[in-house]
Each structure stands twice: as structure tokens, then as C-alpha cells.
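**Student:** model this:
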Amino acid sequence: MKKTLNLFKTKLLLIVVLFVNIALIAQNDHAITGTVTSKSENTPVPGVNVIIEGTSTGITTDFDGNYQINAPQGSKIIFSFIGFATKSISVTNQTTINVALEEDSNELDEVVVIGYGFRKKSDITGSVSSVSSEELNAFPVADAAQALQGRAAGVVVQSNNGGEPGAPISIKIRGNTSINASSSPLIVVDGFVGATMPQANDISSLEVLKDASATAIYGSRGSNGVILVTTKKGRKGKMTIEFNSTYAVQNTANSIDLLNADEFAAYQQDVNNNQALTSGDAAVTYNQGAGDTDWQDLIYQAGNTQNYQLSFSGGSDKINFYASGNYFNQDGVLINSGFEKLTFLSNVDAQVTDKLKMGLNLFGSRSTKNGASTQSTGDTAGAGGDDVITLAMRYAPDQPVYNEDGSFNSGNSVGDPVDNPYAIATEKIDETKTDNFRANFYASYDLLENLTFKTTFGFSTENENQGIYLPSTLEQTAGAVGGIAGVEYDRTTNFLSENYLTYKKEIGKGQLTLLAGYSYQQIITENFYNQASGFISDSFSFYNLESATTFLTPDSSISEVEIQSQFGRVNYDYDDKYLITATVRRDGASNFAANEKYAIFPSAALGWKVSNENFLKDVETISNLKLRVSYGLTGNPSIGAYESLARFETLYASSNGETVSAITPEQPENPDLKWETSYQTNIGVDFGMFNNAINLSLDYYNIDTKDLILTDNTITEYLGYTGDDILANLGEINNRGIEVSLSTRNISNDNFRWTTDFNIAFNKNKVVALVNDADLFFDAAPNYFSHDYSYVLRVGEEVGLFWGYDYQGVYQGGDLPDGAATLTGGIAGDPLFADIDGSGDITDADKTTIGNPNPDYTFGMSNNFTYKNWDLRIFIQGSQGGDIFNMTNVQLFNGDSNTTSDFYNSSWTTTNTDTNTPRVGNNSSREISSRFVEDGSYVRLKNIAVGYNLPTDITEKLGMDRVRLSLSAQNLLTFTNYSGLDPEVNYFGAQGDNNTSANTAQGFDFGNYPTIKTINFSLNIKF
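**Tutor:** Sure, this is the predicted structure:
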């Protein structure tokens, strides 16, 4: 009994000691918070493992690099993450531990943003390209989209009008996936779907989602790819102030060598003589004018760009913030063109409680664009006007700028009676003011240990006002009507609400992540337009419409589109070897038909980290080998509201001698109009060697886009519908290609570092089906060109092949060569064309495909060198294989304008018959033929930059963290055989800039704003 009692006392004593120790440990256990950042980039690192040494207690940092953990005094906290060296911190009395991890070059594996979350790059199963903030800011740009050019394989970026200040930027990912709907990618900024791209200086990271596995989470809007933008945020610590300043000087990159006044007079006399030979009439004598004007020299000037940004960031244990303001101003190289933009952005994030986090993102901008007339559609040529660029080439150089009385000369001696280019450039007013505002609020709450709920509510509005005024000083254009004014107002309002749950759980050797959510979006678009003429004074521009004497019928409209969605995703990673991703989204949109309001877009992907298998993990040469395969469906909803409904349009009619309002059927109902759907397959390999000193990614993709929304031209006219754009699902298009991305760390030591990034993309598209598989013809030329069509869509061929006559050289007289003929009235010196139908005459039946504007491949390569405090960046970008149709030469070789020295000097004459250039004044009239098709391949030195960081001992004395000076240049050298101003062309012609022309009218050049050469001086200061 005594022995039993002693045993009980011993056990009781042990229990008491145990509880005392637990109490002491608990007393020393306290909450520690902090932020984990990258030491080299000074940016937050999400997904870092934060573990108490020797225990299983741990968490991971959130997207902003923040963490909170309870740790006893005397313990150690281990911070580890792939791509960075592991760091250990001892716990004493701290309540805050901020950690800066050093990059481990042997284990590069950053975190990338995906739809509604983020993952380690090594765990990605889809095709995703990341573009760093450093790359986006390699040189100053007005729009961050410009900085994407050449940076990601399969992503083609182009200005819609050369170097025009404020010109829209076109982005296409893996080719055109549509004909009549938009092929532009979806842009998501800080979770706001359909947002405006922020300034490059405000972007923390940018990801391009390319395959269905990556984009299907956005369902009906994922066919064209998705660009995810994350803006900068503050972090805990002292407030940081950063100032960026850039000043640039700019000049035209090229000009056309035209005839001077004396040469022009001789040329025009030769034209008259040759036209007389054709007609049989006496030659008209050309009377040379008194001027000698270089119109190109008059309209171009030295431009400049100024860009200033000031940002503030900081934070505490509970709240952090980032705020910036940006001012951009550009005076264009074309006189009277310019762009000014003021932007602000702010991010505030607050850890309200241990479980609740809230944040607010605000963005706003105001821009003013002063436009000059470029890219003429030809509509105004007959009314005395046209674009400034082509007029400077067309207008007679023997005419002066001003008449003797001081008025502008409008006496063009050849061609259409038009105002001179200098007058149009300086007198015409074209001003566009745009206001953008976006607010996006979020709240994230940890419902359970592994379950988080996030809700967001966003609102954005864009207001655009454009005013155009043609004063009476433009004699040919507006002099007879006393001035012309037009005003257009557009407003788009966007509401977005998204709510989703995220569940993460370790299951044995596996990691399971579940996502489920609901989204609702409403987009309202309003438009108003009015035009008037006949003003007493030009002084008030377009701000005085009520004083006009003549008014056109005003126009106004409003449309509303609603989209509601349910989405979900499953990620399962087993043993850090096998990866599974499955995604589904169900979208419903009001702009689709009654029977097709909803559609489901699923995708699935598999990944295998082969390098983690036992048979490879000990192979030192191979540091990474991952195989990826995915398949999925994504949609394209980019049609206007009410397109599926029966519609009427208004018209004026007469009843009993009085004008009355009436309506007539415009289009019938189509209750089955549905989404365009892309069926996407992607097979990829990620390969790393020598501790990731070499990283290679290869992707093969195939995209079949079915149920294309096309104009149904099979509806017979006698049904009485007046609409010419009645839509139906009637086509199919295919894109397939290969993308290669290569990154190498060539040299890396204490003083010198050299890295190379290279990407190349091959894309081949094909029209698979059209309405009744019949050819679709379109025109991308100015309206005054005398022909019907200039390009075609044909089943089995690539999109947008040039359409016209096949040029066979110069007719030398006598018998016509076999298989060739001239246009009507042809004589020696006239152009020969292929006589395809063998009729002996050249007619429309002899037109054929004459060129392919689609490039074989596009590429980009950057080399980055760092030596101590110096760095050098060289970026080369280019395109190979796409043809260009030079419509500028069609105009200049026609005989009713100025022309190039090369054409005049090489043209056929009786003493110069060994040439491929027809005689001047020949019998063709702005014909569309292969004579004007040229190779558009080019290689361009896109950017070269040298930077210097002041030594830290100097910056510390100045009370600064960093001072950086840099000098850079853009578009210094272009290697191309193209004879026009620039091989990067984007002219839409008479169709204007709509979806169809943007997708199919490719490779045409006429009156584009010239590409510019730029020298930049930049200063960066950080406190």
C-alpha cells in the first residue's frame, strides 16, 4: 500500500512539473508578425514557409508577404522558399520580425499570379508567361502594354497608328481567334475584370495566361488570353518615397525620298505625254508653279516626352499603403499632335483582426489627345481634305504654303482639289479628353483554419469626349460651308462583384486547393453625337454648336450587358511530382440569345515533375524537367447588346405631303445566337540545366474556334431587312503554333553578371469554315481607289490574304507573252498581269491571292549586363515572313500626285526598257496588284539602355536609399527590305477600326503615323 502511495505521489509530482513547464512555455509564447521580402528586388514574397524549428507548427506568407505566428522565446523561426536561401531567426522579445531573403540562383522558382490566386511557377500546369516590373520599365512608355512587345512568346503588341501620341495599343495572344468578334485579351488589374492598364511604374508583376488551363477560370472571356496585372503595395517599415523622371527627344525614324519642284514638273510632263499616247490626244503642257516646298519637312518636327512619377509607400503591423501620381506629356513629331495624361493610383491593405483583412484599390486618370489627320479612309478626299501624312507625299511640291494674300494655298496642280497638308495639320482641331476612374474593395476572412472567404466589389467609369473642328480657313474642306464641327460623347460604366472560397489542405504527401465562386458584372455604354456647319466665327471651335446654321441629325444610344458566373477550380499536387488542375466556369450573358444565355467552359491539365523522380533527382546536370498537357474550352462574348433580337430602325417618310417618322425592319430574331467557343490543346515542357543557369520552355498549341459569329448573307433581300450585319454562328478558324522561351545565366560572380532572355513564336492560322464555305471579300483601301476588294477570307487559307492582279512585269510591245495581258488600252511600257482565265483581257476574273500578311514567326531577345554599379540592357525584336501591301506606292505611282525618286528614275522609257517598273502615266489606275506587295520582315534594335547606381556611401551622405541615372534609346536601328516608312504597319482603310478589320485587315500601309526614334534621360531617386 505504501509503495502504491509513493508511486501515486511521484506521478502527481511529474504532472505538476509538466503543467508548470507548459504554463511557462505558454507564458513565453507570443505573437510575432512581419513581412518577407526579396532582398534584391525589395518586393514582397508570397508563399514563404514560416516554421518554428523542430516542430510542425508553421504557416505561409500571404500574397503581400505578410505572416503572423505564435512562437516561444528561445525558439528559432525558419523562413524557406524555393528560389531563395533559407534563413533562421532566433526569437527573443521581438513582436515584429521582417526578413529579406537572398535569391538562391541555384533554385530559381518565383511565385506567379493566376486567376483568383497564386502558385509557385514550378507547380503551374498551364502556359503562363511572366513579365517582371524591371522589364516593363526598361524604357519609358505611355502605356504599359507597349512594354510587352517582344517580351513574351506568342504575344504580338503593336500600336494602331505607329508613333502617334496616345494611339491605342493592339495586343494579340496566339493569333486571331475570331473574325467578327474581338481578338483582344482580357485585362484584369488587381482582380478587376476588364480594367484599364495602369502605368508601368505602378506595376509589381504581370502575367500572360495563354492556354485553356490558365484562362478557363475566366470562361466566356478567355479565348483571346488573359493579362493579369498586380500593382505595387506598401509593406511594413519606414515610409519610402520614390521619384522617377524621364525626358526624351524624338524624331521620325524614316521619310520617303520624293521629287522636288523641278523634278516634279518634268515628271508631270512625262505623265501627260504618256497619257496622250494612250488616248491619242495631244499632250497637255504642265505649267510649273512658283513654289518649291518640301511638305514632309514642314509637317514633321523634333518631338519630346516628359514623364514624372512620385510614389509613397509604407506600413505598420496592421496597415500598409502605396500611393503614386504620374504625369506624362508628349509633343508628337507630327506638328499639332500630342498627348497629356495625369494618373494616380493608391492601394491600402489593413489586417483588421487575426482573421479579417480588407483593402481598397483606387485608380484614376485624365488624358488629352490632340490628334492630327492620319490613316485616311478616303471619305474626305473628295471634299477637299485627307490625312496629313499622305497629303505631304501627294501634294505638288511646286506649290507654296500660302497665297499672296496670306491665305493657305489649296491649288494642288494635280489630282483632287485638296487643302495643303500644312494647313490641315495646323488648322484642324481634333481633341479627345478621356477620364478613367476605378475603385475596387476587397475583404478576406479566414472562416476556418484552411478555409478563406474573399469578396470584392468594384466600380469603374470611362468618359470620353471628342471634338473636331474644321475652320473656314481650310478653303477646300470647310470654306464653302463656313466651318464644320462635330462632338461625340461616350461613357462606359462597369460594376463588378465577386465572391469566392479557397480551401487548402495537406493530405498525406499531397496538397489540395479548392476554389469556388460567383461573379456578377454589369456594363452600361452610352453614346451621343452631333455635327453642325455654318459658323459666323471660327473662334469658338466646337464649343459653340448653337451658333451654326446647318445641323445634321443627332445620334444617341445606350446599351446594357450583364454577365453572371459560377466558377470552380481544383489543384492537387502529390509528392511534389504529380500535378492536377481542373477548372470549370458557367457564364450567362444578356447579350446572347434566349436559347443560349448560358454556357459551360471546362478545362483540365496534368503536370509531371520528372526531375523529382528518383531516377533523375540525383542527376546534377538536370535541375528541372516538367511535362505539361492541358485541354479546355473558352469563349468569346465580344458582340454588342441586342444582336440576337428582332430590331427596327427609324427612317423619314412622307405622308400627305408632310415628313413623318417611321420604322422599318432591320433584322430578324435569332434565338440561337451563341458564344464563339475555342477548343484549346497545349503540350509543354519546362527544362532547367546546371542549377537553372539554363531554363527552356517549349509549348505546342492547337486552337479550334467554332461557331464564329459572322454576318449571314444568305438572308434574301425580298424579306425587307435593311441591316447588313445580321449575325449567325456560321464559321470556324484554327490557330496552331510553337512557342520557345529561353533564359540563360551566362556569367554570374561578385562583380559581373550577364543574362539572356530569348523567345520566338511560330503561329499558323487557317480558315476552316465560312458561310456556305464561300469566299468573303473585304477592302482595306481608301474609298477613292478604283477597285472593289483588296483581301479575302478563303476556306483552307490563312486569314486576310491580299487579293488582286498578279503582276508579270512590263509589256515591251508586240505579241503579248503567254498567260499575260494588259488592262484595256495597253501599249508598250504598261504593266502586264497574269491572264488567269485565258480570255486575253484582264478583268475581275483574273484576280487571285497575291500575298500573305501573316508572319512566319516573331521573336524578342534581351541581353542584360551588370558590372558593379553599372548595367547595360540591349533588346532586339522582330518579325519574319509577313508581306506588306504598300498602298502608299499605289497612290504615289498613279501619276496624279508627287512620286518617289526611285520610281521615276527606274520607270520604263523607250531608252530604258530593261526594267521591271512600268512607264509613268501608264494605263493602270491605282490597281491592286502584286507589284505593290513587299516583304515586311524586319529586325529592330528596340531598346539599348545604360544605367548607373550611385555608390551607397554617397547616397547615405545624401540621405537617400538609391540614386540611379540612365540613358536609353529606342528604335535606333531597323534592318528591313521594306521600302515604306516602317514595316510595323496597321492600316484598316475604309472599314475603320472595327473587330472585323482589326482581325482580318493585316499588313496594309497607307498614311500611318511614322515610327519614332527616341533618346531618353532618366533619373530615379528613392528615400
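**Student:** for stretch 257-274, what is the distance to the chain centroid?
**Tutor:** Taking CA atoms, centre = their mean, to the nearest Å, one finds the center of stretch 257-274 at 43 Å from the center of the full chain.
**Student:** kindly report the same for stretch 728-740.
**Tutor:** Offset of stretch 728-740 from its chain centre (CA atoms, centre = their mean): 19 Å.
**Student:** ok, stretch 924-938 next?
**Tutor:** Centroid displacement of stretch 924-938 relative to its chain, using CA atoms, centre = their mean, is 28 Å.
**Student:** for it, measure first residue to last.
**Tutor:** End-to-end distance for stretch 924-938: 30 Å, by CA to CA, to the nearest Å.
**Student:** so which bits of that stretch are buried?
**Tutor:** Residues 924, 926-934, 936-938 are the ones in stretch 924-938 that count as buried (16 or more other CB atoms under 10 Å). C-beta: built from backbone N, CA, C; applies to glycine.
**Student:** all helices for the stretch 151-300 of the chain, in order.
**Tutor:** Using DSSP state H, counting those that start in this stretch, the helices found in the stretch 151-300 of the chain span residues 212-215, 261-279, 295-299.
**Student:** would you list those in CSV and tack on mean pLDDT and distance to T473?
**Tutor:** What follows is the helices of the stretch 151-300 of the chain, written out as CSV (pLDDT from 0 to 100; distance: least, CB to CB, whole Å):
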stretch, mean pLDDT, distance to T473
helix 212-215, 94, 52
helix 261-279, 94, 25
helix 295-299, 96, 16
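**Student:** adding distance to G825, write those helices out as TSV.
**Tutor:** Listed next are the helices of the stretch 151-300 of the chain as TSV, based on distance: least, CB to CB, whole Å:
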stretch	distance to G825
helix 212-215	57
helix 261-279	6
helix 295-299	33
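**Student:** which among those is found nearest to G325?
**Tutor:** Closest to G325 of the helices of the stretch 151-300 of the chain is helix 212-215 (CB to CB; 33.3 Å).
**Student:** end-to-end on stretch 906-924?
**Tutor:** Using CA to CA, the end-to-end distance of stretch 906-924 comes to 17 Å.
**Student:** meant to ask about stretch 203-215
**Tutor:** Using CA to CA, one end of stretch 203-215 lies 21 Å from the other.
**Student:** circling back to that earlier point, let's see which of the buried residues of stretch 924-938 end up in strands.
**Tutor:** Filtering the buried residues of stretch 924-938 for membership in strands, criterion DSSP state E, returns V933, E934, Y938.
**Student:** closest to G289 among the residues you listed?
**Tutor:** Distance to G289 across those (CB to CB) is lowest for E934, with 32.4 Å.
**Student:** list the residues that contact that closest one.
**Tutor:** D883, I884, N886, N977, Y978, S979, G980 (CB atoms under 8 Å, 6 or more residues apart in numbering).
**Student:** if any of those residues are buried, put those into a PyMOL selection.
**Tutor:** Per 16+ other CB under 10 Å, the buried members of the contacts of E934 correspond to this PyMOL selection:
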select buried, resi 883+884+886+978+979+980
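**Student:** which ones among the contacts of E934 lie within helices?
**Tutor:** Applying DSSP state H to those, no entry is found in helices.
**Student:** so which of the contacts of E934 comes closest to V352?
**Tutor:** I884 (58.0 Å).
**Student:** what bridges to that closest one?
**Tutor:** E934 (DSSP bridges).
**Student:** in this structure it contacts D1005, no?
**Tutor:** Yes. I884 lies in contact with D1005 (CB atoms under 8 Å); the separation is 5.6 Å.
**Student:** what's the overlap in contacts for the two?
**Tutor:** Here I884 and D1005 share the contacting residues G980, V985, scored by CB under 8 Å, 6+ apart.
**Student:** contacts only, for T461.
**Tutor:** D435, N436, F437, R491, T492, T493, N494.
**Student:** hey, where'd the helices end up in the stretch 551-700 of the chain?
**Tutor:** Going by DSSP H, counting those that start in this stretch, the stretch 551-700 of the chain shows no helices.
**Student:** also the stretch 751-900 of the chain?
**Tutor:** With DSSP H, counting those that start in this stretch, the ranges of helices along the stretch 751-900 of the chain come out as 887-892.
**Student:** any regions of it where pLDDT drops low?
**Tutor:** Low-confidence regions of the stretch 751-900 of the chain, defined by pLDDT under 70, span residues 786.
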